[in-house]
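Asker: A predicted structure for the sequence below; I have some questions about it.
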Amino acid sequence: MKLYTKSYNPEWGRIVDMTVEKNDSLSDYVKDETVFKVILLEKGEISLKSNGSSYNIKAPSLIFSSDKDITDIENLKKGSSLVLYFKPSVVRDEFTLENLYSGKYSNAFGTTVYQDYCLVERFLKIKELNNKIFSLTLNELNKIKRLILSIEKELITQYDGFWPCRSRSYLLELLFYIQNIFDSKEDSNNTLSEEDETFSAVCEYLNEHISEQISLETLIAAFNINRNKLNKTFIDKTSKTCLNYLSDLRINMAKMILSNTEIPIGEVSSRVGYPDSNYFTKIFKKNTGFTPSEYRKNNITCR
């Protein structure tokens, strides 16, 4: 298996350093030292070795691995898995392994480079594999599976010239989602108050449904909470109302897709929960000072 995807159309001449593997058992490619891996264990149980330690992992779980984490696979029992292989340069051209390990991007605060670096730094900075393994809820499993399969579909079908950028955009969305749920799970390792639990649960919901229409009424019904308490919780935690927090979440994801892909603005708008692209443009400009087109022109990395 090749750990990249080449365009079927010779006129495009494109290669995307990303592929998806679906198997009842993991292959030796998970030990490959040229790519990062996102391993979604849907069913069964798996044993991995890393740096002399063994880890027994039960589904549903997610493992994210850098280029050198996994040294051996012991078994996969009665299970199934999805593995996404990608070079970090898919996120941003200059993110070669050499550049990332040099640490040159960790000080680029406040830039689009740093924003993109945050999507992959977890793969690099966490040294122990056990801290890169997370149990998933059914909703998290389904969301991650949906995004990986969306990447696979773009890589396989290549139904228009946007397939390299569109597959890249789904990778960005996947890493953005993983970043948010892992932050939430790490916080939940501590004893949580009722307010903390509500905040964590609502944030999880917002991340899972970011492309859907969400109103305060939706959240009030879903979490059996009144409007004032919901907004007080978010203001206490983030200094923002719940819907302002959601808006920032959507704008941040839009910024990543705009600066790293060339997919149409209307498609970006729908992906982040704004079916009306004119309204999206208004909200985006209010938050950033630029229209989506202007922001893309100033920050585009996908050429």
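Answerer: Alright, I've got the coordinates. Numbers count the residues shown, from 1 in each chain.
Asker: other SSEs contacting the lowest-mean-pLDDT helix or strand in the chain?
Answerer: Least confident helix or strand of the chain, by mean pLDDT, DSSP states H and E, is strand 72-86 with a mean of 80. Contact here means 3 or more C-beta pairs under 8 Å, 6 or more residues apart in numbering; DSSP states H and E; on that basis strand 72-86 packs against strand 18-23, strand 36-50, helix 138-157, helix 163-187. All C-beta spots, glycine's among them, are computed from the backbone N, C-alpha and C.
Asker: Skip ahead from the longest one and say which helix or strand is next.
Answerer: The first helix or strand that comes after helix 163-187 along the chain, using DSSP states H and E, is helix 194-208.
Asker: Now residue 14. Its backbone dihedrals?
Answerer: Main-chain torsions, residue 14, degrees, to the nearest 10: phi -100, psi 140.
Asker: Would you confirm that it contacts residue 4?
Answerer: No - applying C-beta atoms under 8 Å as the test, residue 14 and residue 4 come out as separate, 10.4 Å apart.
Asker: coming back round to it: now the angle from the least confident helix or strand of the chain to helix 138-157?
Answerer: The directions of strand 72-86 and helix 138-157 differ by 60 degrees, with axes from the mean of the first three to the mean of the last three C-alpha atoms, to 10 degrees as the criterion.
Asker: now strand 72-86, how far from the centre of its chain.
Answerer: Taking C-alpha atoms, centre = their mean, to the nearest Å, the mean C-alpha location of strand 72-86 is offset from the chain mean by 20 Å.
Asker: Quick one: residues in contact with it.
Answerer: 3, 17-26, 28-32, 35-49, 54, 59, 145, 148-149, 151, 171, 174 (C-beta atoms under 8 Å, 6 or more residues apart in numbering).
Asker: Now, of the residues you listed, which are buried?
Answerer: Among the contacts of strand 72-86, those scoring as buried are 3, 17-21, 26, 29-32, 35-42, 44, 46, 48, 59, 148, 151, 171, 174 (criterion: 16 or more other C-beta atoms under 10 Å).
Asker: From residue 260, how far out is the nearest residue to residue 290 once chain neighbours are set aside?
Answerer: Leaving aside its sequence neighbours, residue 290 sits nearest to residue 298 (C-beta to C-beta, 6 or more residues apart in numbering; 6.9 Å). Note on residue 298: its distance to residue 260, by C-beta to C-beta, to the nearest Å, is 13 Å.
Asker: before we move on, what about residue 202?
Answerer: Distance from residue 202 to residue 260, counting by C-beta to C-beta: 28 Å.
Asker: Which one's more surrounded, those two?
Answerer: Set residue 202 next to residue 260 and count neighbours by other C-beta atoms under 10 Å: residue 260 wins out with 26 against 21.
Asker: Would you check that the more buried one makes contact with residue 94?
Answerer: No - using C-beta under 8 Å, residue 260 makes no contact with residue 94, being 11.9 Å away.
Asker: list residues touching both of these two?
Answerer: By C-beta under 8 Å, 6+ apart, no residue touches both residue 260 and residue 94.
Asker: still on that earlier bit, mind checking what secondary structure the residue nearest to residue 290 has?
Answerer: The local conformation at residue 298, judged by DSSP: H, G, I helix; E, B strand; the rest coil, is helix.
Asker: what's near enough to touch the spatially closest residue to residue 13 that is not a sequence neighbour?
Answerer: Nearest residue to residue 13, sequence neighbours excluded (C-beta to C-beta, 6+ apart): residue 7, at 6.5 Å. Counting by C-beta under 8 Å, 6+ apart, residue 7 makes contact with 13, 14, 15, 158, 163, 164.
Asker: Tell me the spacing between the closest residue to the third one other than its chain neighbours and residue 270.
Answerer: It refers to residue 15. Nearest non-adjacent residue to residue 15, counting by C-beta to C-beta, 6+ apart: residue 6, 5.1 Å away. Distance, residue 6 to residue 270, by C-beta to C-beta: 29 Å.
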